[in-house]
Structure formats: structure tokens, C-alpha cells
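Novice: build me a structure from this.
(chains A and B)
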Amino acid sequence: GAVVSQHPSWVICKSGTSVKIECRSLDFQATTMFWYRQFPKQSLMLMATSNEGSKATYEQGVEKDKFLINHASLTLSTLTVTSAHPEDSSFYICSARYVAGNQPQHFGDGTRLSIL
Amino acid sequence: ELKVEQNPLFLSMQEGKNYTIYCNYSTTSDRLYWYRQDPGKSLESLFVLLSNGAVKQEGRLMASLDTKARLSTLHITAAVHDLSATYFCAVITYGGSQGNLIFGKGTKLSVKP
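Specialist: Down below sits the predicted model:
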């Protein structure tokens, strides 16, 4: 149980393109979803936290207009990287958690984004 | 601000040897996680430690938690090549961020024959 599906797993696109990444909880309702970014050989850095039906909470230094997060249902959150540039190339990982804060986060398989 | 420090960051060891990875954190937290990440992959949950003195074991890996010392250890017994991966510890923070995980920098483990 507690499967999180992330799609796509790999994206290569030209600079200036907007890219949408989906994160779905397949067998549970995720009241909270998290988006992380991981640069090569570095740790995961939290970008934002989203609760179903409300605006995402962004971490300091993360541009909310650049990284649009929508959590429209209890099973789906999307991250859109708008007008992507090479410096946005990274590994993006989502996680989902159901009920309250003491429940574990379940991680998706990640999306490798490469901007040319 | 909660900080999580792992030590060492890189570890090269021979098969059959034992070693311990350390995870220190700076403020009170009531749960600590250990994850494994293979190259190009997402995180695999290994352990969640919920209380002081908690010890969990799975195969050649054993994790422990000392909340008073704010220290967790991941002990590797008789390492095998399949254990080569990056290991992260992460601690829950309950500040304004609704129970987020703060990750250590990771320990890249390479087990050589």
C-alpha cells in the first residue's frame, strides 16, 4: 500500500518551455504533498508543501511564480516549471502523506528534468 | 532552525567489514527516518525511529536513536556490494512547515569486493 506515482520520469526539453510534473497517490488520499529538488550528488531540498484545496507554502528562496503547484484533489498534485531554463535542470521528487503530520511521507520515483 | 548533519559523507569499505554512519540533529524531534537512494532513483524507506532508545534491524543494517544526544546511527554489518548506495537520515520539524522532513547531506557508501 501507500504507492505514489510520479510522471513523467524523464523530461528533456528546450529552454523557455513549461513542464508539468504529476504526483498521484494511488491507494490513499493525500492531504499533504511535498515537492523536493535534488541536484547531482546533493541532498533533497524541500521546495514547497501543498494541502488539498489551498495554496502551496513555498520554502524561502523558491520562486512561486516559477514553480506553480496545484493540489486540486486528494490524489493529485502537479508542479509546473514555467519558462524553464538550464539552471532548472534537476531531479524533482514528490512525496505524499495522508491524515496528519505524524504519518510517514511516501515518495514518488522522481522526475529527471533536463533543459537544453 | 533544525539542522541535520551526517558523517561521513563518503565511505568506501570492503566487503565483510563493519561500519557506522552517524546522524546528528540540532533541535528536539520525535521521529527520525533513514532512507536509501540508488543512483538515478528516488528514496527507499529503511527505518523510522520513534522514541529514545529505539533500535531497528533489517538484514545487515541496524538503526538506533538517542533523542537525548540527538543522535542516530546506522550500523552496517559484514557489508556486501549490494549495500552500495547513498543513505540519508531525515528528521521531522513541526515549525511553520507542517511536519516537514529535513534531510542530512547523505552518506555515499561504496562497498568493494
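
Novice: setting the sequence-adjacent residues aside, check what's closest to the residue most central in space within chain A.
Specialist: Nearest to the mean C-alpha position of chain A, by CA atoms, centre = their mean, lies residue A:35 at 3.5 Å. When the adjacent residues along the chain are set aside, residue A:35 lies closest to residue A:47, with 4.6 Å between them (CB to CB, 6 or more residues apart in numbering or on different chains). Backbone N, C-alpha and C define where each C-beta goes, glycine included.

Novice: go ahead and confirm the residue nearest to the centre of chain A touches residue A:45.
Specialist: No: judged on CB atoms under 8 Å, residue A:35 makes no contact with residue A:45 at a distance of 10.0 Å.

Novice: can you report how many residues lie near whichever residue of chain B sits closest to chain A?
Specialist: Closest contact between chain B and chain A, by CB to the nearest CB, is at residue B:99 (3.0 Å). As a burial measure, residue B:99 scores 18 neighbours (other CB atoms under 10 Å in any protein chain shown).

Novice: show me what secondary structure element comes after the least confident helix or strand in chain B by mean pLDDT.
Specialist: Within chain B, no helix or strand scores below strand B:100-103, which has a mean of 89 by mean pLDDT, DSSP states H and E. Downstream of strand B:100-103, the next assigned helix or strand under DSSP states H and E is strand B:107-112.

Novice: which positions within that following strand qualify as buried?
Specialist: With burial defined by 16 or more other CB atoms under 10 Å in any protein chain shown, the residues of strand B:107-112 counted as buried are B:107-109, B:111.

Novice: which other residues reach that strand?
Specialist: Contacts to strand B:107-112, defined as CB atoms under 8 Å, 6 or more residues apart in numbering or on different chains, come from residues A:41, B:6-15, B:21, B:76, B:79-88.

Novice: distance from the chain centre to that strand, please.
Specialist: Its chain's average C-alpha position is 13 Å from that of strand B:107-112, according to CA atoms, centre = their mean, to the nearest Å.

Novice: just checking: what are the partner strands of that strand?
Specialist: strand B:10-14 (parallel), strand B:85-93 (antiparallel) (DSSP bridges).
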